[in-house]
Every structure is written in C-alpha cells, then in structure tokens.
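> Requesting a structural model of the entry that follows:
(one chain, ligands or ions: 1)
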Amino acid sequence: MKEKKEGWMRTLLGYAGGYRKKFELSIVLSVISITAGLVPFFCMYQVICKFVDGTVTSGAILGWCGAALFAYCVKVLCFAGSTAASHQVAYHVLEGLRLRMADRFLHAPLGEVQAHSIGEIKNIMVDKIEGIEPPLAHVVPEGVGHIVLPVVSILALALIDWRIALASLVTFPAAFVCMALTFKISGKNFDTYNNSNTYMNSMIVEYIEGIEVIKAFGRAGVSYEKYAKAITDYRTFVIKWLSSTWVTMKLAFALFPATLIGTLPVSLALASAGTITASQAALAVMLSISMVGSLAKLEVFANETKQMQMTVEELDSLLTMKSLLEPEKRANITSTDVELKQVRFSYSGNTEEEVLHGIDLKFPQGSFTALVGPSGGGKSTVAKLIARFFDVTEGSITIGGVNIKDMPLSQISENVSFVAQDNFLFRCSLLENIRLGNPKATDEEVKAAARAAQCEEFILKLPQGYDTPAGEAGKRLSGGEKQRIAIARMMLKNAPIVILDEATAFTDPENEDKIQQSIAALTKGKTLLVIAHRLSTIKQADNIVVLKNGAIVAHGTQEELLENCPLYQDMWKAHIGAKEWAVSSAGKEEKAYV
Ligand SMILES: Nc1ncnc2c1ncn2[C@@H]1O[C@H](COP(=O)(O)OP(=O)(O)OP(=O)(O)O)[C@@H](O)[C@H]1O
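Here you go, the predicted structure:
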C-alpha cells in the first residue's frame, strides 16, 4: 500500500508506454526555457552597470539586447517543445488508463464490475481520467522549470549578498503553513467530494435511463426528486468545501511570491551602507521580481498535483481490480461435455447468502438439457457460472474434463455461446451487431444467420435495412426483435456449447415456433442448455432439471418428471392452465402464447 502511494507518478507514467521518455524531454526543455527567461534580466543588469560606470556604448547596448532577444527566442521555442512533448505523453497516459480499465472490467468477475454504477464508471473513465491531462501536460514539466527559476534566482541573490537571499525567503514559512493547512482541510473532505460527485453522476445516468418512467409519473416522481437533490447537495457541498480553504489558500497565494517584502529593504539598506553597488541592488530587485511569477504558479501547481495524486490513488482500486485468474496456455479439450461438481456459489462471497448449494449436473456432448423451476431458484446463476462470468465459491465446473479455471477466458468464450433475456445492441449497424458473433463472417453469412433467427423480415422494413445504426434501431426494436438479433449472433458464432437463458421469452408465438425450429437445426450435435419458463419449448429435452432454492429437486425426461416430480406436475398444470386460458379467452383455436 505504502509502495503504491510513493510511486503514484511512476504508476501514471507507466501508462505512457514508449512515450515516457518524452516526459523527461519535456522537463529538460522546460528547465532550459525557464532558465533562458532569466538571461534578459542579466543582460539588463549589464547595461545598467555600463550606464552607472559611464562606459556605455551603442554597440554594447545592441550586443546585450541581441543576447536578451536570443535568450527570449530560446525560452519560447523550448517552452513550445516542452508542452508539445508533455501533451503527447499526457494523452498517451489517458489512452493507457482507459484501455487498462476496460481490460480490467473484461477480466474481472461480473459482480466486481456491477458493484459500480454506470454513473460512477462514467465519472471515473471520462471525467476523472480527463482531469489528469491538464496537470500532467502542464504542471509537471512547467512546475519543474518553475522550481528551477527561484532556486537559480536565490543562488544569484546569494552571490550578490547572502543576506538578500535570506531576506527573499522571509514570507516562505508563513506561506508553507497556510498551504499545508489548505491541503489538510481540503484533503479531509476529498472523499466526501468524490462520493457526492459520483452520486450526482449516478443520478444523472439513472434519470436519463429512466426517462420513460419519469415522464409517465411526472416530475414529482422519486427519481426526479433524487436527481434534483443530488445536484443541489453537490452544489451546496462544493461551495462549502471551497469556502473552508478560502482564507488559508488566499493567504498562501499572497505570501508565497511576496519576495520583495524582504529583498527590497535589505538591498536598499546594503546599497546605502555601501556593501553592494546600486547596480547590484537593482539586479537583486529584478531577480526578486523574476521569481514572483514562478512562485505564484508553483502554488497553483502544488494544488493541482495534489488533486492528480488523489485521483490516481482513487483510480488505483479500479486499475488493480480483482481479476479472474486464467492461464495463458490453451487447454486441450477433447469433448464438450459440461459438468458441475458440488458447485456452491454466493454472489457476495458470504456463505450465509449462498444461492447454489452443492449442485451436481452433467450435460453430455450433443445433449439438450433444460433448466426449469420457480423464479429465483438459481437457473441463470448456473448458466453464468458455466460461461465463467463469476467463479464458483466451492466445487468445480469442467468442459471436456478440464476445469474452466484452467483455460483462458478466450477459450471459454470460443466454446460457449450465451444468449440472455436482455440483450445489448452496440452503437454500430445491425449487420455489425450480428457479425459480433463471428468477426470473420461475410455479409452473406451474417444475413443467412439473420434469416435463420427470423430477423430479416423486420430488418428489411427499417429505412437502412441491415445498415441501420443500432442506436436508432435499438429504440424502435421490440424486446423480441432484439432477442432475435442476439440469437442470430449466437448462430453465427457456432460455438459447440449453447446456453439460452430465456432467450425467446419476449418473442411472439408465431416467430418463436420458427426460431425454435432454427435453433433445433443449428444446435444439432451441440451441447445445449436452455432455461425456459414456457415448458412447451423444452419438452423434447433429453434431460429436464428442476431447480428450486439453489438445489436440484428432480431431473429426467418430461414423462418421468410428470410421473415423479410434484413440483414439475404443478408447473406443467399451471402452464397448461395458462395455455387453455389463452385459447378460451381468444375464443378460437389459435396457438396459445405460453
Ligand atoms: N448479481 C446478483 N447479485 C446478488 N444476488 C443475485 C444476483 N443475481 C441473482 N441474485 C440472486 O440469486 C438468486 C438466484 O437468481 P437467478 O437469477 O439465478 O434465479 P433464476 O432461477 O434464474 O430466476 P428467474 O427465473 O426469475 O430468472 C436469487 O435469489 C437472486 O436474487
């Protein structure tokens, strides 16, 4: 922990990759730029000396002015080079941080990712990371230069007379005390600031996501109240937080660059006493003035560096998020049998909140298994564990006899297709959304999968057909249509193990029939696991497993369960009852939506 804190800048620059060296270049150029900025003062001093001595000539004036101009050009050019290099580094760091974070999310257990709200993640990945750019691109390289200038100036003052150098520091102790107090007060509330900011972001995202519900219930809805309160609370907190450091910060800003308070009287006194010449006194005053800008900037930079450090430390928890351990080497799988042995699982990791209690299940290669049972029984959890969205708490899951923990996540993904109830469409065309199942598939193969999943009819009705952006189409597509896109993806992927978790729940009976036929044809010979509430869709399964409260109640074929399992009998009766009700309420012999 200590090591992380000490190395926060090193950690940050680690994300610059090959651009890290440019950061050092940027610092060197900044130091040259700032030092070159001192040369005109020295040139002016030389001219004043010549005037005082009475040895001034137009050639000397021109020479010193030329030197001052040259130094000024060096200053400007080096500054430009320094900021160009530091910006390149800064944007590479932002890129590295965002890529690393996305990678962490991909390799972390799903629960670790879902523990963070979308607002919180957006706040960190967009705003907080973006907030690192200005200090990294400006503060560090320029800051180093602004440290060098006062140091050089104070050394020069010491060369004139050590007492002037000492006098230039007279306000520093009070300024440091004020600065330390500012950091202490603001640091104390930084966590509260973060929480308030994160909460406000979450509320904004929730408000937009729930806009349909909010519109239906009007502005008086709880969501709107929460949204408005989060924004007001944030404003109140930030104003209070800033006010708490107002006095100390302004005092520090006033005291730190006030070097003239000491140097002016001491230089004049020494010049009057004849200890230094008038020209030296003038140079001392000029050097003091030259420090003012740097010292003022240093204070701002110190503040921003502190903010950057706190942000990096905050990001650390996400950058070091727990990952699912995976080997690099692919496992040798000779079959696609799936087996769960004594699987126990708790989302929280707490055994008292266990949702699966020692499940033993076997899905032989090429078999069709159905998982049924009351809501909350653990069916989806089993499916997600097989796809390794989470790790089992106890027990093991094997594919082809190999524990899924002993194969890379990419190998599991290649072997398992998972279609859930809610499916996400990415911001690209429908064609590309389906192609996600197999990036190498040709347009014709994508369209064939779409036809098999009964998608083509509704896709062709959209204004741009397959090229319709999913963002737009997502709003116009029904739940059932989105599910069919996901099924097309699955068909295109053609993985040997297929898991369908209520994948056709939103589909109308007519299309469901057709999809079921396509699924049956396309999953022939594959290991198929279907979770369904509509029992008519799984009655052909080789094995139907009844899961209740995280334990297996019974398993067998439909006939066996109808004979031996009272729970399945009840579920079947309810299913048939619903079907009959649907038929009689329609008043004619149409297919029931069951
Ligand atoms: N992300 C989660 N975090 C914590 N608990 C969860 C999470 N997802 C599910 N659960 C809990 O795990 C238990 C099993 O849920 P699961 O979704 O696996 O049941 P299910 O049988 O698929 O239900 P349904 O038929 O309603 O989809 C439930 O008690 C549920 O509340």
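> which parts of the stretch 201-350 of the chain sit against the ligand?
Contacts of the stretch 201-350 of the chain with the ligand, taken as C-beta under 6 Å from any ligand atom, map to residue 347. C-beta here means a position set from N, CA and C on the backbone, and glycine is covered the same way.
> Show me the helices in the stretch 201-350 of the chain, by range?
Ranges of helices in the stretch 201-350 of the chain, per DSSP state H, counting those that start in this stretch, are 211-217, 222-244, 246-255, 260-272, 278-319.
> so what's residue 48 scoring on pLDDT?
Residue 48 is assigned 86 on the pLDDT scale.
> I misspoke; the intended subject was residue 583.
Here, the pLDDT recorded for residue 583 equals 49.
> hang on, the earlier thing: make JSON lines out of the helices of the stretch 201-350 of the chain and add distance to residue 124.
Shown next, in JSON lines, are those (distance: least, C-beta to C-beta, whole Å):
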{"stretch": "helix 211-217", "distance to residue 124": "24"}
{"stretch": "helix 222-244", "distance to residue 124": "16"}
{"stretch": "helix 246-255", "distance to residue 124": "26"}
{"stretch": "helix 260-272", "distance to residue 124": "44"}
{"stretch": "helix 278-319", "distance to residue 124": "6"}
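> mind listing what the closest residue to residue 13 other than its chain neighbours touches?
Excluding its sequence neighbours, the residue lying closest to residue 13 (C-beta to C-beta, 6 or more residues apart in numbering) is residue 20, at 5.3 Å. Residues in contact with residue 20 (C-beta atoms under 8 Å, 6 or more residues apart in numbering) are 13, 14, 89.
> which one of these has the most neighbours?
With neighbours set by other C-beta atoms under 10 Å, the maximum within those is found at residue 89, which has 26 neighbours.
> thinking that one is in contact with residue 24, fair?
No: if you go by C-beta atoms under 8 Å, residue 89 and residue 24 don't touch, sitting 9.5 Å apart.
> returning to that earlier point: with distance to residue 274 and pLDDT added, can I get the contacts of residue 20 in a markdown table?
Shown next, in a markdown table, are the contacts of residue 20 (distance: C-beta to C-beta, whole Å; pLDDT from 0 to 100):
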| residue | distance to residue 274 | pLDDT |
| --- | --- | --- |
| 13 | 53 | 79 |
| 14 | 58 | 79 |
| 89 | 52 | 89 |
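> Just name the closest of those residues to the ligand, please.
Closest to the ligand out of these is residue 14 (32.7 Å), distances taken as C-beta to the nearest ligand atom.
> list the contacts for the closest one?
Counting by C-beta under 8 Å, 6+ apart, residue 14 has contacts 20, 96.
> Is it possible to get CSV of the contacts of residue 20 that adds distance to residue 165 and secondary structure?
Shown next, in CSV, are these (distance: C-beta to C-beta, whole Å; DSSP: H, G, I helix; E, B strand; the rest coil):
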residue, distance to residue 165, secondary structure
13, 34, helix
14, 39, helix
89, 35, helix
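> and the ligand, which of these contact it?
Counting by C-beta under 6 Å from any ligand atom, nothing from the contacts of residue 20 sits close to the ligand.
> any idea which of those is the one closest to residue 568?
Taking C-beta to C-beta as the measure, residue 568 lies nearest residue 14 of the contacts of residue 20, at 56.8 Å.
> re the thing from before, go through the helices of the stretch 201-350 of the chain and name the closest to residue 421.
Of all the helices of the stretch 201-350 of the chain, helix 211-217 comes closest under C-beta to C-beta, at 19.0 Å.
> Mind giving me the packing neighbours of that closest one?
helix 222-244 (3 or more C-beta pairs under 8 Å, 6 or more residues apart in numbering; DSSP states H and E).
> residues in contact with the helix it packs on?
185-186, 189, 192-193, 196-197, 199-200, 202-204, 206-207, 210, 213-214, 218.
> hang on, the earlier thing: of the helices of the stretch 201-350 of the chain, which shows the lowest average pLDDT?
Of all these, the minimum mean pLDDT falls on helix 211-217 (a mean of 72).
> Now for residue 290: which residues touch it?
Here residue 290 is in contact with 37, 38, 41, 149, 153 (C-beta under 8 Å, 6+ apart).
> Could you check the pLDDT of the first one?
With respect to pLDDT, residue 37 has a value of 85.
> At the contact with the ligand, which residues of the protein appear?
Checking the chain against the ligand by C-beta under 6 Å from any ligand atom, the hits are 111, 347, 355, 375, 376, 377, 378, 379, 380, 381.
> what's the helix or strand for the fifth one?
According to DSSP states H and E, residue 376 maps onto no helix or strand at all.
> Hmm, residue 175 and residue 248 touching each other?
No: Residue 248 is not in contact with residue 175 according to C-beta under 8 Å; the separation is 10.3 Å.
> ok so, going back, from the contacts of residue 290, which single one is nearest the ligand?
residue 149 (55.9 Å).
> Point out where the stretch 401-550 of the chain drops to low pLDDT.
471-476, 504-507, 509-511, 514 (pLDDT under 70).
> Do you have the strands of it handy? List them.
All strands of the stretch 401-550 of the chain, identified by DSSP state E, counting those that start in this stretch, fall at 402-403, 416-419, 497-501, 527-531, 543-548.
> Residue 329 is nearest to which of the ones you listed?
Residue 329 lies closest, by C-beta to C-beta, to one member of the strands of the stretch 401-550 of the chain: strand 402-403, at 11.5 Å.
> Can you list the neighbours in contact with that closest one?
331, 332, 333, 396, 397.
> which ones are touching residue 77?
Taking C-beta under 8 Å, 6+ apart, we find residue 77 in contact with residue 33.
> Return the set of buried residues in stretch 385-393.
385, 386, 387, 388, 389, 390, 392, 393 (16 or more other C-beta atoms under 10 Å).
> follow-up on the earlier one: ok, and the most crowded of the contacts of residue 290?
residue 153 (25 neighbours).
> What residues are bridge-paired with the closest residue to residue 398 other than its chain neighbours?
Among residues not flanking residue 398 along the chain, residue 339 sits closest, at 4.9 Å (C-beta to C-beta, 6+ apart). Beta bridges link residue 339 to residue 362, residue 398, judged by DSSP bridges.
> Hmm, residue 339 is touching residue 367, no?
No: applying C-beta under 8 Å as the test, residue 339 and residue 367 come out as separate, 11.8 Å apart.
> show me the contacts for the residue positioned nearest the centre of the chain.
Nearest to the geometric centre of the chain sits residue 125, at 3.6 Å (C-alpha atoms, centre = their mean). By C-beta under 8 Å, 6+ apart, residue 125 lies in contact with 98, 101.
> what's the neighbour count on the closest residue to residue 508 other than its chain neighbours?
Leaving aside its sequence neighbours, residue 508 sits nearest to residue 480 (C-beta to C-beta, 6+ apart; 6.1 Å). Neighbour count of residue 480, defined by other C-beta under 10 Å: 17.
> Over to residue 136?
With other C-beta under 10 Å as criterion, residue 136 counts 26.
> repeat for residue 396
With other C-beta under 10 Å as criterion, residue 396 counts 14.
> Wasn't it part of a strand?
Yes: counting by DSSP: H, G, I helix; E, B strand; the rest coil, residue 396 falls inside a strand.
> contacting residues for the residue lying closest to residue 490 once chain neighbours are set aside?
Setting aside the residues directly before and after it, residue 490 is nearest to residue 417 in space (C-beta to C-beta, 6+ apart), at 4.4 Å. Residue 417 makes contact with 437, 490, 493, 494, 495, 497, 498, 499 under the criterion C-beta under 8 Å, 6+ apart.
> again, only using 10 Å
387, 437, 486-487, 489-500, 523, 526, 528 (C-beta atoms under 10 Å, 6 or more residues apart in numbering).
> again, but for residue 251
Here residue 251 is in contact with 174, 175, 177, 178, 179, 181, 182 (criterion: C-beta under 10 Å, 6+ apart).
> Select from these the one having the most neighbours.
Among those, residue 182 has the most neighbours (other C-beta under 10 Å), with 24 neighbours.
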